[in-house]
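Participant: Mind looking at a prediction? Sequence and model below.
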Amino acid sequence: MPETVLQLKDASIYQGDSLVLADVNFEMNKGDFVYLIGKTGTGKSSFMKTLYGDLELTKGEGSIVDFDLAKLKEDDIPYLRRKLGVVFQDFKLLNDRTVNANLEFVLRATGWKDKEKIAAKIEAVLNRVGMKTKEFKYPYELSGGEQQRIAIARALLNDPELILADEPTGNLDPQTSIEVMEVLQELNKKGHTILMATHDYALLLKYPSKTLKCDDNKVFEVVQRKG
Ligand SMILES: Nc1ncnc2c1ncn2[C@@H]1O[C@H](COP(=O)(O)OP(=O)(O)OP(=O)(O)O)[C@@H](O)[C@H]1O
């Protein structure tokens with residue numbers, strides 16, 4: 001039996017009083033790679049925010065990595081986020097500290113204390129994204145693609161059950177987007193489950209996978225045409 005990591009049942013997503021997405025039904029299993037596409041303003045970010053607890057699920061049912069989204073309390077959110085790896089378009093690295101210190105900051109904030117274990121974990125995640133040699137650089141000394149790789153490494157620190165990537169290539173040129181996408185594909189091949197919001201259709205064509213589309217307040221699966 002496939003292991004379900006995310007399930008939404010008749011879920012509606014609101015921004016304030018306005019309905020963004022109605023009656024969403026969606027399930028993701030361990031090991032899946034799913035795209036979330038749709039024009040600007042159709043609700044991709046609102047969908048993602050609901051999943052990482054930034055937007056309350058007020059109507060319908062939702063479970064994600066064993067958390068009940070409809071019953072999620074403020075105090076649960078840090079624990080939910082530990083089971084998720086979230087990657088954003090604008091990287092969100094701390095500019096006043098090195099790559100190493102950025103990663104150590106997250107580990108310490110999530111309860112890691114042992115210096116050797118911290119160093120080993122940082123080395124492991126940097127190796128996963130091919131960035132070990134950049135450990136002592138500051139984010140502003142890195143290219144956009146390199147910064148995004150570090151952000152992906154950061155997302156891997158607590159061995160997430162699901163990676164949510166909201167437009168991870170949105171700030172990158174086409175070649176760099178492919179390089180970052182290769183990293184995500186490699187992680188998926190190694191067993192990571194990834195939901196990626198994007199409007200980069202070139203990536204969808206190059207790396208076809210299950211695709212959900214937001215349009216007209218709905219989310220539905222689209223079948224990609226080959227060739
Ligand atoms: N904080 C907010 N408060 C109120 N309305 C919002 C807020 N954020 C987004 N919205 C509205 O919700 C709708 C969906 O926006 P959302 O950002 O989820 O779309 P998106 O598909 O991610 O767009 P983009 O590709 O531009 O990021 C839009 O109508 C937007 O104006």
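Facilitator: Sure thing, it's come through.
Participant: and after the lengthiest helix in the chain, which helix or strand comes next?
Facilitator: If you go by DSSP state H, the chain has its longest helix at helix 174-189. Tracing the chain C-terminally past helix 174-189 and defining elements by DSSP states H and E, one meets strand 194-197 next.
Participant: helices or strands up against the longest helix of the chain?
Facilitator: Applying 3 or more CB pairs under 8 Å, 6 or more residues apart in numbering; DSSP states H and E, one finds that helix 174-189 contacts strand 33-37, helix 144-156, strand 162-166, strand 194-197, helix 201-206. Bear in mind the C-beta positions are built from the backbone N, C-alpha and C, glycine included.
Participant: Report the buried residues of it.
Facilitator: Of the residues in helix 174-189, 176, 177, 178, 179, 180, 181, 183, 184, 185, 187, 188 count as buried by neighbour count, 16 or more other CB atoms under 10 Å.
Participant: Quick check: pLDDT value at the closest residue to residue 136 other than its chain neighbours.
Facilitator: Distances taken as CB to CB, 6 or more residues apart in numbering put residue 98 closest to residue 136, at 5.3 Å, once the chain neighbours are dropped. As predicted, residue 98 sits at a pLDDT of 98.
Participant: thought residue 98 was touching residue 138?
Facilitator: Yes. Applying CB atoms under 8 Å, one finds residue 98 in contact with residue 138, separated by 5.8 Å.
Participant: returning to what we had before: if you compare the directions of the longest helix of the chain and helix 144-156, what angle comes out?
Facilitator: 20 degrees (axes from the mean of the first three to the mean of the last three CA atoms, to 10 degrees).
Participant: Taking strand 162-166 as reference, get the angle to helix 174-189.
Facilitator: Interaxial angle, helix 174-189 versus strand 162-166 (the same axes, to 10 degrees): 160 degrees.
Participant: could you give the angle of helix 174-189 to strand 33-37?
Facilitator: Using the same axes, to 10 degrees, helix 174-189 lies at 140 degrees relative to strand 33-37.
Participant: Just the mean pLDDT for helix 174-189, thanks.
Facilitator: Throughout helix 174-189, pLDDT has a mean value of 96.
Participant: Count residues in the vicinity of residue 108, would you?
Facilitator: For residue 108, the neighbour count with other CB atoms under 10 Å is 11.
Participant: Get me the contact residues on the protein for the ligand.
Facilitator: 15, 16, 20, 38, 40, 41, 42, 43, 44, 45, 46, 214 (CB under 6 Å from any ligand atom).
Participant: Quickly find the element holding residue 81.
Facilitator: helix 77-83.
Participant: Now do the SS call for the closest residue in space to residue 43 that isn't next to it in sequence.
Facilitator: Distance criterion CB to CB, 6+ apart; nearest residue to residue 43, sequence neighbours excluded, is residue 20 at 4.2 Å. Following DSSP: H, G, I helix; E, B strand; the rest coil, we place residue 20 in the strand state.
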